[in-house]
Each structure stands twice: as structure tokens, then as C-alpha cells.
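**Q** Could you work out the structure for the sequence below:
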Amino acid sequence: MPKTKTMTLRVDERMKERLASVAASQRRSASFIAHEAIEDYLRVQEAQLAGIRQAIEAADAGETIAGDEVRAWVESWGGPGERSKPKA
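**A** Sure, this is the predicted structure:
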């Protein structure tokens, strides 16, 4: 098991009550639920930041698609003349 550290976190009374309620309903500690919530949040943020970095690198490498091509493609969705995804 990884070594853990104590962290103090300030929340308003309502959030503390909500956390306690969820913890009780799952028969877990509030600390466990907060840890899971922070882990989930960090996973999402890290994935988004990685995607942004990849997009910036692709744009810097010239891998771009003109906005009017993307617009025409999106506007064709679901219609009889639906277009293929434009290529960079």
C-alpha cells in the first residue's frame, strides 16, 4: 500500500454533510470517499491536459483542418449527403 499523508481540506458545512451522507450510505469513511473523488478529478484533469498538449503539438506540426471544412462536415451529419471526416 502506498504511503499516505494527512491533508487538511476546508469545505462548507453543506458539503461536509453531503460527504458524510454518501460515506454512511456506502459504509465507508468520509476520508475514503474524498480520496476517491480527488483521484477521479485528477484522472479527468490529467487526461484533458494530455489531450490539449497533443492538440497543440499537432497544430504546431501543421496538422490542422480549416474551420469551414469542419463546419461543412458537422452540418452534413445525419443528412443524405453526410460527408466523411476531413483529413489534416
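**Q** which SSE is the residue nearest the centre of the chain in?
**A** For the chain, the residue sitting closest to the mean C-alpha position, by CA atoms, centre = their mean, is Val44 at 3.4 Å. Secondary structure assignment for Val44, by DSSP states H and E: helix 30-60.
**Q** and that helix, what does it pack onto?
**A** helix 13-25 (3 or more CB pairs under 8 Å, 6 or more residues apart in numbering; DSSP states H and E). In short, each C-beta sits where N, CA and C put it, glycine included.
**Q** Also compute the angle for the helix it packs on relative to helix 30-60, please.
**A** 110 degrees (axes from the mean of the first three to the mean of the last three CA atoms, to 10 degrees).
**Q** And for helix 13-25, what's in contact with it?
**A** If you take CB atoms under 8 Å, 6 or more residues apart in numbering as the criterion, helix 13-25 is touched by 11, 29-30, 32-34.
**Q** One more pass at 7 Å, please.
**A** 29-30, 33-34 (CB atoms under 7 Å, 6 or more residues apart in numbering).
**Q** just those residues now: which is nearest Ala55?
**A** Ala34 (31.8 Å; CB to CB).
**Q** how about the nearest residue to that closest one, chain neighbours excluded?
**A** Excluding the flanking residues, the one nearest Ala34 by CB to CB, 6 or more residues apart in numbering is Leu19, at 6.4 Å.
**Q** Distance of the one you found relative to Gln45?
**A** Separation of Leu19 from Gln45 (CB to CB, to the nearest Å) stands at 20 Å.
**Q** Between those two, tell me which one has more neighbours.
**A** Legend: neighbour count by other CB atoms under 10 Å for Leu19 and Gln45, higher for Leu19 (18 against 10).
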